[in-house]
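A.B. asks: Return a 3D structure for these sequence lines:
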Amino acid sequence: MIKVVDMGYQFVNVGGFEADRPEGSGDYLFLYLRCPTEVCLEGEYKWHPAGTYVIFEKGAPQIYRKRDAHFINDWIHFDFDCYDEYFEKLGVPLNTPLTLQNNAEIIEMTSSLLIEYFSSSTDHETVMAEKADELFCKFAELYHFSNNYSTKMNNYRAAFTDLRHKILNRQYCPDNLDETARRMNLSVSYFQHLYKGFFGNSIHKDIIRARIEQAAQLLKNTDRSISEIARLCGYDNVEHFSRSFKKYKGSSPRNYRKEEA
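C.D. replies: Model (predicted):
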């Protein structure tokens with residue numbers, strides 16, 4: 001299990017900063033540089049641009065500096081109950097400057113991890129471990145994607161990620177894929193191919209998932225009738241809604257409401 005020891009997000013060191021830890025910090029460090037920074041690796045300082053990541057392994061020197069202006073960074077100090085070649089299995093090099101063509105998902109996940117870091121829930125440690133694991137797995141996915149695909153394909157991924165976020169949060173539900181694909185200057189078939197390639201799931205399944213999750217919340221938290229909930233969630237036919245709901249949730253809307261009461 002991953003244990004987050006300490007972390008900062010968009011942390012500003014006024015007037016610059018210098019880290020000089022020849023033997024590391026006693027744990028692992030996930031560092032994101034939000035400004036150009038000198039990093040010393042293999043005994044030599046080199047400038048690295050904003051947007052650079054470094055994952056320092058436990059015991060490795062952590063030496064970096066920015067002596068002018070402000071130093072802004074995200075950082076996560078963490079450790080493992082049992083390391084078991086975690087990053088080697090993910091295929092992510094340690095003690096190496098890394099960049100992603102699009103890191104919006106990592107930024108969002110780091111922010112979410114910080115919110116949980118200051119939480120005092122009873123299952124806090126477990127949630128932190130799960131969120132940290134998700135972050136590093138996503139980082140590995142985006143790192144390999146950046147290395148294997150063009151900038152254009154990465155730009156598509158950013159647009160698709162934003163679209164999926166809106167669908168799953170019920171901010172947008174396309175009536176048909178023709179219009180959605182046309183907005184991205186893609187054919188419907190290629191749009192569907194990219195969506196499934198990026199997320200391992202079809203857009204149709206994500207739309208249904210979002211509808212069912214919305215329906216579940218309405219069943220638990222309101223007294224609206226099942227037919228009204230079906231209509232609000234995009235279903236013209238109550239029987240069709242009930243079949244879809246039972247498929248995803250394991251019980252009918254009526255029984256689900258009773259179980260969650």
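A.B. asks: Please make it C-alpha for all contacts and neighbour counts, starting now.
C.D. replies: OK.
A.B. asks: ok, G24 to R65 distance?
C.D. replies: According to Cα to Cα, to the nearest Å, G24 stands 15 Å off from R65.
A.B. asks: same question, R164
C.D. replies: R164 is 38 Å from R65, by Cα to Cα.
A.B. asks: If you count neighbours, what's buried in stretch 50-58?
C.D. replies: Residues G51, T52, Y53, V54, I55, F56, E57, K58 are the ones in stretch 50-58 that count as buried (16 or more other Cα atoms under 10 Å).
A.B. asks: Please render the residues you listed as TSV that adds secondary structure to the earlier fields.
C.D. replies: Listed next are the buried residues of stretch 50-58 as TSV, based on DSSP: H, G, I helix; E, B strand; the rest coil:
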residue	secondary structure
G51	coil
T52	strand
Y53	strand
V54	strand
I55	strand
F56	strand
E57	coil
K58	coil
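A.B. asks: now, among the residues you listed, which is nearest to G234?
C.D. replies: Nearest to G234 among those: G51, at 40.9 Å, using Cα to Cα.
A.B. asks: That closest one reaches T37, doesn't it?
C.D. replies: No - G51 is beyond contact range of T37, at 10.1 Å (criterion: Cα atoms under 8 Å).
A.B. asks: from the buried residues of stretch 50-58, which is closest to M128?
C.D. replies: Using Cα to Cα, I55 is the member of the buried residues of stretch 50-58 that lies nearest M128, at 18.3 Å.
A.B. asks: To which secondary structure element type does the closest residue to that closest one other than its chain neighbours belong?
C.D. replies: Closest residue in space to I55, ignoring its immediate chain neighbours: F30 at 4.6 Å, by Cα to Cα, 6 or more residues apart in numbering. Classification of F30 using three-state DSSP returns strand.
A.B. asks: the helices in the stretch 1-150 of the chain, which residues?
C.D. replies: With DSSP state H, counting those that start in this stretch as the criterion, the stretch 1-150 of the chain has helices at 86-90, 104-117, 124-148.
A.B. asks: Just name whatever secondary elements the first one is in contact with.
C.D. replies: It refers to helix 86-90. With contacts defined as 3 or more Cα pairs under 8 Å, 6 or more residues apart in numbering; DSSP states H and E, helix 86-90 has no helix or strand neighbours.
A.B. asks: which parts of it are buried?
C.D. replies: Buried residues in helix 86-90 (16+ other Cα under 10 Å): F87.
A.B. asks: Same check on the last one?
C.D. replies: Going by neighbour count (16+ other Cα under 10 Å), the buried part of helix 124-148 is 125, 128-129, 131-133, 135-140, 142-143, 145-146.
A.B. asks: And it, how far out from the chain middle?
C.D. replies: Centre-to-centre, helix 124-148 and its host chain are 7 Å apart (Cα atoms, centre = their mean, to the nearest Å).
A.B. asks: ok, now the shortest one?
C.D. replies: A distance of 18 Å separates the C-alpha centroid of helix 86-90 from that of its chain, computed with Cα atoms, centre = their mean.
A.B. asks: Wait, E38 touches Y45, no?
C.D. replies: Yes - using Cα under 8 Å, E38 is in contact with Y45, at 5.8 Å.
A.B. asks: the more surrounded of the two?
C.D. replies: Neighbour totals were compared for E38 and Y45, and E38 leads with 18 against 14 (other Cα atoms under 10 Å).
A.B. asks: right, and F139 touches A104 too?
C.D. replies: No - the criterion here is Cα under 8 Å, and F139 misses it with A104 at 10.6 Å.
A.B. asks: C-terminal to the helix or strand of the chain with the lowest mean pLDDT, what's the next element?
C.D. replies: When each helix and strand of the chain is scored by mean pLDDT, DSSP states H and E, helix 151-168 comes last, with a mean of 84. Using DSSP states H and E, the next helix or strand after helix 151-168 towards the C-terminus is helix 177-183.
A.B. asks: I'd like to know which elements that next one is packed against.
C.D. replies: helix 188-199.
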